[in-house]
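**Q** mind folding the following:
(one chain, ligands or ions: 1)
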Amino acid sequence: MFIKDIFSSKKPVLSFEVFPPKQDSGLDAVFSAAEEMSHLPIDYMSVTYGAGGSNAKNTARIASYLNDNLSVPSLAHLTCAANTKEDISNKITEYKNLGIENILALRGDKPKDYEGELFPGYKYASELVTAIKEHGDFCVGGACYPECHPNSPNIDTDINNLKIKVDAGVDFLVTQMFFDNDQFYNFRDKLAKKGINVPITAGIMPLTNANQIQRMAILSGGASMPAKFVRMISKYQDNPEALKQAGIAYAVDQIIDLISNDINGIHLYTMNKPETARKIVTVINSLF
Ligand code: FAD
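**A** Numbering: from 1, shown residues only. Got it, this is the predicted structure:
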């Protein structure tokens, strides 16, 4: 099923993200986490792609498992980084042969310890979108950054580049994680003014442990942390259970506000953790 059709038929759409294991031996744990999450009222699940790493091959395996064994529409990620045009063409053919219909087209970043040419095929995600659309009938998603992509000099330039990507054939957008909803609302207004009208789903990362804090700051590319979020972290960072509960409550609060403001979708960065997904969705299941 095309994810763009899910966006046309319901609002808000709910999705989760899983990531492939570093070793094949970890695959069963991912399958079982996905299976647990599939019992929640979700519309699709996305599977990240680790460019150049050993886990790249498992994105397709997990995405087809979601489709075939769990009947959950999958969104398989794919990056330009560390891939030649031929690698990408082969990967798209593999996705197609496995019945994967939805691809999140990404530029990617330098993989750890990778020393080859970083973008030997396509330099920007917009070029990958064109390549995927030329290859077959796929529904294609793209990433966007409410607080500007770190490589862009300013948000207006970043949005101009985003417009090129959407015009290349992006059917829906998934945001980088953010903790301040006002940043998202300002961004959404700017996209509307620019004529970017595809559905936008909001990426929410629930904070569930103190070790995650530094990683979140890096992954989010420096997303603003509102004072109340910072106060919550400093109050509970030495109390793991309280931090987990407060982090989940913060994410729930963000989601309620986003849905009240007519968001197209919520994408939870669930990090292969069914418990977090379940806790969040159980409290607000009638909102979806
Ligand atoms: P692009 O859209 O290509 O943009 C990258 C930069 O180039 C931006 O600054 C943009 O303004 C600029 N730019 C774009 N087009 C042009 C142009 N024509 N001329 C000049 N400048 C231009 N990474 C992974 O490795 N694996 C994953 O699975 C993964 N999943 C992700 C999921 C989401 C929802 C998000 C938000 C990010 C994900 N990432 C993933 C990280 C992503 O690969 C990085 O953030 C990367 O730095 C940018 O990717 P992009 O697709 O947004 O790039």
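**Q** the helices in the stretch 51-200 of the chain, which residues?
**A** 56-70, 85-97, 125-135, 155-167, 181-193 (DSSP state H, counting those that start in this stretch).
**Q** elements contacting the shortest one?
**A** Contact partners of helix 125-135 among helices and strands, from 3 or more CB pairs under 8 Å, 6 or more residues apart in numbering; DSSP states H and E: strand 74-79, helix 85-97, strand 102-106, strand 139-144, helix 155-167. From N, CA and C alone the C-beta is placed, and that goes for glycine too.
**Q** and what of the longest one?
**A** Secondary structure elements in contact with helix 56-70, counted by 3+ CB pairs under 8 Å, 6+ apart, are helix 27-38, strand 44-47, strand 74-79, helix 85-97.
**Q** go through the ones you listed and name the closest to the ligand.
**A** The minimum distance between the ligand and the helices and strands packed on helix 56-70 falls on strand 74-79, with 3.5 Å, by CB to the nearest ligand atom.
**Q** so of the helices and strands packed on helix 56-70, which one's packed in deepest?
**A** Scoring the helices and strands packed on helix 56-70 by mean neighbour count under mean count of other CB atoms under 10 Å gives strand 74-79 as the most buried, with a mean of 26.
**Q** what lies in contact with that one?
**A** Strand 74-79 is contacted from outside by 3, 15, 44-49, 51, 59-60, 62-64, 66-67, 88, 91-92, 95, 100, 102-108, 128, 132, 141, using CB atoms under 8 Å, 6 or more residues apart in numbering.
**Q** save the helices and strands packed on helix 125-135 as a markdown table, and put in mean pLDDT and distance to the ligand too.
**A** Output for the helices and strands packed on helix 125-135, formatted as a markdown table (pLDDT from 0 to 100; distance: least, CB to the nearest ligand atom, whole Å):
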| stretch | mean pLDDT | distance to the ligand |
| --- | --- | --- |
| strand 74-79 | 97 | 3 |
| helix 85-97 | 97 | 13 |
| strand 102-106 | 98 | 4 |
| strand 139-144 | 98 | 3 |
| helix 155-167 | 98 | 4 |
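**Q** now do the worst-scoring helix or strand of the chain on mean pLDDT: everything it contacts.
**A** Of all helical and strand segments in the chain, the minimum by mean pLDDT, DSSP states H and E falls on helix 211-219, at a mean of 82. Helix 211-219 is contacted from outside by 177, 205, 207, 223, 233, 237, using CB under 8 Å, 6+ apart.
**Q** average model confidence for the longest helix anywhere in the chain?
**A** As assigned by DSSP state H, the longest helix anywhere in the chain is helix 240-260. Taken as a whole, helix 240-260 has a mean pLDDT of 97.
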